[in-house]
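[1] here are the coordinates; sequence isn't available:
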């Protein structure tokens with residue numbers, strides 16, 4: 001990393017995408033001035049009076065993020081109260097980082113990128129990103145948040161082989177090359193690549209962001225370059241750590257949120273040690289957001305997260321034990337939730353799932369059995385299975401007709417939605433499916449009508465599911481009935497989530513069931529990770545994804561032409577700073593998927609229940625619930641929710 005006092009010459013302009021010699025994607029209005037003097041939270045007043053905390057005017061950044069709630073159609077709130085919610089595992093406390101959604105840049109309610117922790121970002125030629133921090137911004141313990149926190153992560157963590165043997169994350173590499181990182185000042189840092197890196201900014205807004213900064217003032221005490229050797233040795237003995245790198249990595253996990261001592265920039269601070277049954281999160285007194293009346297966010301003082309078995313969540317909700325609950329609830333819970341509204345003092349809203357499909361079957365193109373692998377890699381086989389699904393029966397039986405009977409495809413909220421893509425190979429046509437399977441040489445059957453493979457084996461398709469959603473198992477029963485009409489026997493096998501994933505990654509899983517693409521509402525600037533063989537988590541081609549992720553160290557390269565073309569297009573998207581070219585790439589990739597049916601979607605835009613306390617305000621009655629983009633509740637900004645009596 002080099003240091004330079006140079007200040008680039010550029011002008012802030014209204015949103016212009018990533019085009020132009022010096023174009024900012026953010027509006028200058030994002031840094032609007034505070035209309036009134038900041039007002040102290042009642043819950044923190046005693047600590048201020050006792051001298052434990054400075055007043056709010058000194059805790060806020062000099063340039064806080066001023067939120068115009070009225071412009072968003074929301075009410076100005078009041079501070080106070082404790083929000084109760086329920087998780088099913090102790091490690092799910094990490095979802096408070098997802099929900100809190102304090103990001104360098106984040107999506108707004110219309111899914112446009114906006115500065116958040118950052119005051120501004122300037123993008124030049126799609127390859128030079130100058131990040132401007134908010135002057136006076138502080139970590140939750142009051143220490144300054146500056147570019148030293150970025151420098152520390154880049155030099156002393158990401159490029160330290162003992163801490164990160166694999167080196168910097170792929171996000172920071174373009175054609176295998178790392179950026180030049182230049183600290184300009186305490187509040188300005190520049191990441192510069194030789195060619196465009198359109199993945200960079202969207203990644204910073206992810207549900208699980210890369211966290212390209214660290215609380216350096218805290219983490220340096222566990223780093224061998226900054227701590228006395230004898231002092232560090234004593235810490236290793238006390239914590240029973242093998243070496244300093246293990247200790248550093250254990251404590252340095254900003255996403256897991258399980259180290260109460262680790263400073264944070266999120267709206268609430270975890271105050272509870274890991275593996276408890278109840279977590280208490282307290283408001284961050286140095287949080288950077290404030291409303292137009294000078295009230296520092298979050299409005300809610302505390303969050304109480306209880307750990308309970310997944311099967312108990314709905315019943316606990318009806319007993320009034322949660323104020324805001326969406327995780328673990330499914331549409332099958334809706335009747336129970338609706339019935340319990342009076343007792344639980346809440347209202348049930350129905351949001352829309354933002355995945356590209358609520359339930360999708362993934363014929364594993366890397367399945368270890370050569371005979372089935374050849375079938376799965378044959379487009380007409382996948383198309384025939386899709387045509388043999390009675391989506392209307394699934395929709396009516398499981399979702400009261402409220403979902404959409406579609407293939408895996410973008411939702412209406414995406415500019416890439418077309419009826420043709422949504423309906424591709426998704427009509428129910430048993431005759432056509434039978435004819436296509438006959439033409440593939442699967443025209444012989446045994447005594448019960450099950451088709452036979454050329455080697456004499458029965459066409460038995462083992463479909464594995466994590467078993468976490470009753471809708472999946474119910475839908476698979478209906479799929480089994482309709483597939484029987486085309487001579488395919490579906491065998492349902494529930495597995496633990498981690499076992500399912502590992503089995504698929506190794507080629508041992510025949511046909512996993514999961515959601516469709518995470519991002520059901522893509523735009524041109526959305527990385528098309530779900531559509532290309534670049535991620536082992538895509539059950540269509542886990543080993544092809546491994547090959548790309550490990551830089552050819554594991555897995556195998558794509559072996560069919562459509563997948564090779566998708567990978568070529570993915571590289572084209574990565575190399576383009578122009579949204580028009582990126583959109584053209586997206587359109588071709590989506591057309592390939594619509595034709596090839598790498599995943600068999602059953603229904604999409606399914607209703608997702610969320611229960612909201614009758615005392616809680618600013619919660620949208622209709623919204624998209626998605627992991628990407630949006631971080632589940634994150635994009636809906638729960639720091640703006642508040643209680644009334």
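    Sure thing, it's come through. As the structure is a computational prediction, the values presented were derived from the model and not from experiment.

[2] quick one: contacts for the nearest residue to residue 315 once chain neighbours are set aside?
    Spatial nearest neighbour of residue 315, chain neighbours left out: residue 336 (7.5 Å); criterion: Cβ to Cβ, 6 or more residues apart in numbering. Bear in mind the C-beta positions are built from the backbone N, C-alpha and C, glycine included. The neighbourhood of residue 336, defined by Cβ atoms under 8 Å, 6 or more residues apart in numbering, consists of 314-315, 318.

[3] Mind telling me what element residue 336 is part of?
    helix 334-339 (DSSP states H and E).

[4] The closest residue to residue 296 other than its chain neighbours: what secondary structure?
    Distances taken as Cβ to Cβ, 6+ apart put residue 290 closest to residue 296, at 5.0 Å, once the chain neighbours are dropped. Here residue 290 is recorded as strand under DSSP: H, G, I helix; E, B strand; the rest coil.

[5] So what does the closest residue to residue 429 other than its chain neighbours have for phi and psi?
    Leaving aside its chain neighbours, residue 429 sits nearest to residue 387 (4.7 Å; criterion: Cβ to Cβ, 6+ apart). Residue 387 adopts backbone torsions of phi -60, psi -20, taken as degrees, to the nearest 10.

[6] Now do the helix or strand where residue 476 lies: everything it contacts.
    Using DSSP H and E, residue 476 falls within helix 470-484. Helix 470-484 is contacted from outside by 330-332, 358-359, 361, 385, 388-390, 393-394, 397-399, 428, 430, 449, 461, 463, 465-467, 489-490, 492, 494, 513, 602, 606, using Cβ under 8 Å, 6+ apart.

[7] switch the cut-off to 7 Å
    The contact list for helix 470-484, computed with Cβ atoms under 7 Å, 6 or more residues apart in numbering, reads 330-332, 359, 385, 388-390, 393-394, 397-398, 463, 465, 490, 492, 513, 602.

[8] about what we covered before: tell me how far the residue nearest to residue 296 lies from residue 86.
    Going from residue 290 to residue 86 by Cβ to Cβ, to the nearest Å gives 30 Å.

[9] Same question for residue 106, what's its three-state structure.
    Per three-state DSSP, residue 106 ends up strand.

[10] contacting residues around the closest residue to it other than its chain neighbours?
    For residue 106, ignoring the flanking residues on the chain, the nearest one in space by Cβ to Cβ, 6+ apart is residue 116 at 4.4 Å. Residues near residue 116 by Cβ under 7 Å, 6+ apart: 65, 102-106.

[11] right, and the helix or strand after the worst-scoring helix or strand of the chain on mean pLDDT?
    Here the helix or strand of the chain ranked lowest by mean pLDDT, DSSP states H and E is strand 2-3, holding a mean of 38. Later in the chain than strand 2-3, the nearest helix or strand by DSSP H and E is helix 42-49.

[12] quick one: buried residues of that next one?
    43-44, 48 (16 or more other Cβ atoms under 10 Å).

[13] tell me the mean pLDDT over the helix or strand following it?
    As assigned by DSSP H and E, the chain's next helix or strand after helix 42-49 is helix 56-59. Mean pLDDT, helix 56-59: 96.

[14] again, but for stretch 361-373
    Stretch 361-373 comes out with an average pLDDT of 97.

[15] Please give the element, helix or strand, for residue 512.
    Per DSSP H and E: residue 512 is located in strand 511-514.
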